[in-house]
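**Student:** Predicted structure and sequence below. I'll ask about it afterward.
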There are 2 protein chains.
Amino acid sequence: MLGSMRAQQKKGRPATGGAALRQRVTEAITEAAFAELAEAGYARMSMESVARRAEVGKAALYRRWPSKQAMVTELIRSKVTDALPPTPATGALHTDLRELFATFRGQLANPLLARIAAGLLAEASHDDALAEGLHTGVTAPRRAAARAILQGAIDRGELPPGLDLDLGTDLLIAPLAFRILVTQGRSDDEYLETLTTAIEAALRAAAH
Amino acid sequence: MLGSMRAQQKKGRPATGGAALRQRVTEAITEAAFAELAEAGYARMSMESVARRAEVGKAALYRRWPSKQAMVTELIRSKVTDALPPTPATGALHTDLRELFATFRGQLANPLLARIAAGLLAEASHDDALAEGLHTGVTAPRRAAARAILQGAIDRGELPPGLDLDLGTDLLIAPLAFRILVTQGRSDDEYLETLTTAIEAALRAAAH
DNA sequence: GCATGACGGAACGGTTCCGTTCCGTTCCAT
DNA sequence: ATGGAACGGAACGGAACCGTTCCGTCATGC
């Protein structure tokens, strides 16, 4: 998981025994890094503030990652791939949608992650490695899940075969993401139900 | 327009005549600032790089604005309020929507603005003044325009009175903004037409 | 035509940050 | 027990940046 954590077993070294990176320290750094990332954003976050918050020497950071960028991208990647994307298959479009929305809401509800997410999306424009990591780790699997739901509904005849899949996928992601990340309005169960009904109607109409 | 541009007419000063801030310099700074903002984002943009790009002394910047933050917020505000929000009133929901989407697309199509927009949204989380400026200058008028269209359609009986106006407004903004700013997919006339039809259907279904 | 003040350029002090290096201490596998 | 390595803490060089100040030059409005 931590790229630079390998024990650096030099060639003829006896390596009689010794100390290993302590997990408590790694956890403290991780938690502090996410907190700082949420409060300040990537550009304003400093390795010094992370170390201070974690009550850790800065050297402990650089013992684990070679740079600030490496640390952040790796933390994001592991955090995000932990929360695997869902692929509901209830057999009916309405309930599939409802479940998908509930899962998205659950993942975005964490205000820490929500604040970080907006910043990372912007940061990705100026950082190709980060953009790539976000795409394969976050965007792509979620779009794939959304697409699978649509394709299933088409196969069952619940949606027209001419459905614009790109537009359809946008409709499954954009309104909810927008509401939670930008508008920051309520997204309770009643809202989710209305949204589900509305998007279902939109999908049926979104054909060429 | 430029907050600190006032002539500083001290009390008894004769102010016999003299030099004024040269417009060419102001224009060069403005253009350079937007370019740097798009390439680097707010946090990475430096006053030095703006001055360098504009082929201008750094003092010329501080003669106009008291700080980096003041410069950026004021530039954004003036740029954005120049492009006034539209309020289509064609008398029919479908054409109103279509016109609104076309206007949004026109405003977001500028790739310079698009890159800046995502960065500013993220920045706003950490900068209350910027958030306030964006809300009153950008978000609020656009949401008001969207709401007006919906209310008109309700009054004409084209949409149910029970329509969730918050959700409806989201639906008018989120999918298109998401596609242009995040997905960066095509948004040609055919897409806009399909989107219009889909959202129209969603609105009719988005009632309590 | 003449004073006023903006101009480009350069330098500066002060701050912040990155990434490295060095301590003396503490943990841990052997 | 013992030794190797990670630990917290501190300091460092180097770089970047903000905002200010000072120049000699040059455009402009009275």
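**Tutor:** Great, that's in hand.

**Student:** Tell me where chain A has helices.
**Tutor:** Taking DSSP state H, the helices of chain A run over residues A:23-40, A:47-54, A:58-62, A:68-82, A:93-109, A:111-124, A:128-134, A:140-156, A:165-177, A:189-205.

**Student:** which stretch in those helices is the model least sure about?
**Tutor:** For the helices of chain A, mean pLDDT drops lowest on helix A:128-134, to a mean of 79.

**Student:** Any chance you could spot the residue sitting in the middle of chain A?
**Tutor:** residue A:80 (4.2 Å; Cα atoms, centre = their mean).

**Student:** Point out the most buried one among the helices of chain A.
**Tutor:** Across those, averaging neighbours per residue (mean count of other Cβ atoms under 10 Å in any protein chain shown) puts helix A:165-177 on top, at a mean of 22. In short, each C-beta sits where N, CA and C put it, glycine included.

**Student:** Pop the domain breakdown of chain A in here.
**Tutor:** Listed domain ranges for chain A are A:23-67, A:83-205 (source: automatic domain parsing).

**Student:** Now distance to DNA strand D too, for those domains, in JSON lines please.
**Tutor:** Compiled in JSON lines, these are given as follows (distance: least, Cβ to the nearest atom of the strand, whole Å):
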{"stretch": "domain A:23-67", "distance to DNA strand D": "3"}
{"stretch": "domain A:83-205", "distance to DNA strand D": "13"}
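
**Student:** will you turn these into CSV that also has distance to residue B:66?
**Tutor:** Below are the domains of chain A laid out as CSV (distance: least, Cβ to Cβ, whole Å):
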stretch, distance to residue B:66
domain A:23-67, 21
domain A:83-205, 26
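
**Student:** which stretch among those comes nearest DNA strand C?
**Tutor:** Comparison of the domains of chain A against DNA strand C by Cβ to the nearest atom of the strand identifies domain A:23-67 as nearest, at 3.3 Å.

**Student:** Show the end-to-end separation of the closest one, please.
**Tutor:** One end of domain A:23-67 sits 19 Å from the other (Cα to Cα, to the nearest Å).

**Student:** Establish whether that domain and chain B are in contact.
**Tutor:** Yes: Domain A:23-67 lies within reach of chain B by Cβ under 8 Å from any Cβ of the partner chain, at A:39, A:40, A:41, A:43, A:44.

**Student:** From the residues you listed, pick the one nearest residue A:140.
**Tutor:** Proximity of these to residue A:140 (Cβ to Cβ) peaks at residue A:41, which lies at 23.9 Å.

**Student:** What is the nearest of the residues of domain A:23-67 next to chain B to residue A:181?
**Tutor:** Residue A:181 lies nearest to residue A:41 out of the residues of domain A:23-67 next to chain B, by Cβ to Cβ, at 14.1 Å.

**Student:** pretty sure the closest one contacts residue B:122?
**Tutor:** Yes: at 6.5 Å, residue A:41 and residue B:122 qualify as touching, with contact defined as Cβ atoms under 8 Å.
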